[in-house]
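>>> This is a predicted model, with the sequence first.
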Amino acid sequence: MKLAMVGLGRMGANIVRRLMRGGHECVVYDVNPDAVAALVAEGAIGATDYADLAAKLDGPRVVWLMIPAGLTGRVVDELSEVLQPGDILIDGGNSNYRDDVRRAKALREKGLNYVDVGTSGGVFGLERGYCLMVGGPDEAFATITPILKTIAPGAGEIERTLGRTGELTDEELGFLHCGPSGAGHFVKMVHNGIEYGVMAALAEGLNLLENADAGIREAEHSAEVAPLEEPEYYQFDIDTPKVAELWRRGSVISSWLLDLTAAALQGNPTLDGLAGRVSDSGEGRWTVKAAVDVGVPVPVLAASLFERFASRDEDLYANKVLSAMRLQFGGHKELPAGDVLEAGGNKAETTS
Ligand SMILES: NC(=O)c1ccc[n+]([C@@H]2O[C@H](COP(=O)([O-])OP(=O)(O)OC[C@H]3O[C@@H](n4cnc5c(N)ncnc54)[C@H](O)[C@@H]3O)[C@@H](O)[C@H]2O)c1
Ligand SMILES: O=C(O)[C@H](O)[C@@H](O)[C@H](O)[C@H](O)COP(=O)(O)O
C-alpha cells in the first residue's frame, strides 16, 4: 500500500522503516527537513508540506500521524483542508480518546475517516513490531489492515494460548479493532495505566531489596527516626542488579519491563545520572479519571500515578505541613535539610 507518515521522530521514522521493509510505499513529512532527508535516503518519498504530501498519494489517501499529542488537533485541522472525502486519517500518537471521539465526528462531516491507533512498543518496535489498538469505522479498518499487519509484531515465537485453534486471529498477530472512534486510544490509555502500576511495583520491590541491609547500617540511625527493632533480620547486602537478572529466568514476574530494568541496571548499577523525578505524559491521569467517571476502583494504578507526582516534589508542601504539625503538638524535629534518606541507606543526622 501507499501511505503517508507525518512526524518522523523516535516512533514515526521506525514505523516507516518497518513499512518499507514490508514492501509499502511511504510518503514522509516532518517539520524537521533533516528527518525527511534521512528517510528519503532510505527509499521514502519526501514531501515539503501537507499539500505536497496529499498530491503524492492516490485516493483513498491514508495518512498516519505520529506527532506529540498536544499538536494533533492543529495538524488534523490543517490536513483536513488538503484531503478528500473517503480519505483516511490515522492518529498513532498517545492522544486522549476523548479527542478522538470529537475529531472523528467533525471529520465525518467532511467525509473523512478518522482512525485512532494506540501504538505500543517504543524504540524497540522496528525489530519487535508494535502492538496496535485500533478504533474507528469498519471499512477504514479493513482498508488499512495490510499496513497494520506489517507494523504489528505478528505471531512471532509467542506460544499460542491454550484453547486457541484454527487460523491466527488479528489479536494473535498484534493488532485489534477494539471498537468505534476512541476505542483504540481508550485501550492504549488503560494499557499505560497498567504500565505505571507494573513499573511502580518493580521499582518498589527493588528498593526494598536495596534496603535489606538496614540492620548493618543501624548505627547510622537518627534519633528522629524510629529505630530498627530487629536489625538481625536486615543483614542482607543484596546485589539488586543480579536479582533483576535472575528474576528474568523462569520467575512469575518475568516480563519485558523486567528485561528492560535488568538491562538498565546492568549498564548503570547505581543509576547514576538519574534524579528520580519521574515524568508522566497524561495517560495515567486519564486512566484514573475514566475509572472515577465509571466508578471502577483502580487503587494500584492511582497510587502509582501519585507516586510519580510525589517523585517531583509535588508532595513537598504536604510534607512540610506534616512536619509543622509534629512540631506543634510534640515539639518534634524533622530530619535536617540535605540529609535525606538515600536509596540503600538510612543515613540521618542526630538531632537534639
Ligand atoms: N516514544 C515512545 O516510546 C512512544 C511510544 C508510543 C507512542 N508514542 C507517541 O507517539 C507520538 C510520537 O512520539 P515520538 O516518541 O516519536 O516523538 P518525537 O518527539 O521523537 O517525534 C515527534 C516528531 O514529530 C515532528 N513534528 C512535530 N510537529 C510536527 C508537525 N506539525 N508536522 C510534522 N511533524 C511534526 C517532530 O519534528 C518530531 O520529529 C507521541 O504522541 C507519543 O506520545 C511514543
Ligand atoms: O506502550 C508504549 O510504548 C509506551 O507506553 C509509550 O506509549 C510511551 O513510552 C509512554 O506513553 C510513556 O508514558 P509516560 O510519559 O506517561 O510515562
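Sure thing, it's come through. Ligands and ions are numbered 1, 2, ... in the order given.

>>> Can you name the residues in contact with the host helix or strand of E307?
Taking DSSP states H and E as the criterion, E307 maps to helix 299-311. Contacts to helix 299-311, defined as CB atoms under 8 Å, 6 or more residues apart in numbering, come from residues 193-194, 196-197, 199-201, 276-280, 284-285, 287-288, 291, 315. Where C-beta positions appear, they are placed from N, C-alpha and C, glycine not excepted.

>>> check whether the longest helix along the chain contacts ligand 1.
Using DSSP state H to define each element, the chain has its longest helix at helix 183-210. No: Helix 183-210 does not reach ligand 1 (CB under 6 Å from any ligand atom); its nearest approach is 8.0 Å.

>>> The helix or strand that comes right after that helix vs helix 183-210, what angle?
Sequence order places helix 240-247 as the next helix or strand after helix 183-210, per DSSP H and E. If you take axes from the mean of the first three to the mean of the last three CA atoms, to 10 degrees, helix 240-247 sits at 120 degrees to helix 183-210.

>>> In terms of secondary structure, what does helix 240-247 contact?
Contacts defined by 3 or more CB pairs under 8 Å, 6 or more residues apart in numbering; DSSP states H and E place helix 240-247 against helix 183-210, helix 256-267.

>>> what's the average pLDDT for it?
When pLDDT is averaged over helix 240-247, the result is 98.

>>> Likewise for stretch 125-136?
Stretch 125-136 comes out at a mean pLDDT of 97.

>>> close to ligand 2, is it?
No: figure legend: stretch 125-136 not in contact with ligand 2 (CB under 6 Å from any ligand atom); closest approach 7.3 Å.

>>> Would you mark the buried spots in that stretch?
G125, L126, G129, Y130, C131, L132, M133, V134, G135, G136 (16 or more other CB atoms under 10 Å).

>>> rewinding a little: most tightly packed of the helices and strands packed on helix 240-247?
Of all these, helix 183-210 carries the top mean neighbour count, a mean of 19, counting by mean count of other CB atoms under 10 Å.

>>> now for it, which elements pack on it?
helix 97-108, strand 113-120, strand 131-135, strand 175-179, helix 240-247, helix 256-267, helix 283-294, helix 299-311.

>>> right, and those - which one's nearest E224?
helix 299-311 (20.7 Å; CB to CB).

>>> Quick check: residues of the protein near ligand 2?
N94, S120, G121, G122, N192, E195, S279, D280, S281, E283, G284.

>>> Over to the closest residue to ligand 1 within the stretch 201-350 of the chain. Which of the three states is it?
As assessed by CB to the nearest ligand atom, ligand 1 sits closest to S281 within the stretch 201-350 of the chain, at 6.0 Å. The three-state assignment at S281 reads coil, by DSSP: H, G, I helix; E, B strand; the rest coil.

>>> Could you point out which residue ranges in the chain have low pLDDT?
By pLDDT under 70, the low-scoring segments of the chain are 337-352.

>>> Tell me which residue is most central in it.
A centroid search over the chain (CA atoms, centre = their mean) returns N192, at 5.4 Å, as the residue closest to the centre.

>>> For burial, what's the neighbour tally of the spatially closest residue to that one that is not a sequence neighbour?
In space, and not counting its chain neighbours, N192 is closest to E283: 3.5 Å by CB to CB, 6 or more residues apart in numbering. Applying other CB atoms under 10 Å, we find 22 other residues in the vicinity of E283.

>>> what does stretch 73-82 rub up against?
Taking CB under 8 Å, 6+ apart as the rule, stretch 73-82 contacts 6, 50-51, 53-54, 63, 65, 67, 89, 91, 99, 103, 107, 110, 112, 114.

>>> out of everything not next to it in sequence, what's closest to the closest residue to ligand 2 within the stretch 1-150 of the chain?
Residue nearest to ligand 2 within the stretch 1-150 of the chain: S120 (3.1 Å; CB to the nearest ligand atom). Nearest residue to S120 in three dimensions, chain neighbours excluded: C131, at 4.3 Å (CB to CB, 6+ apart).
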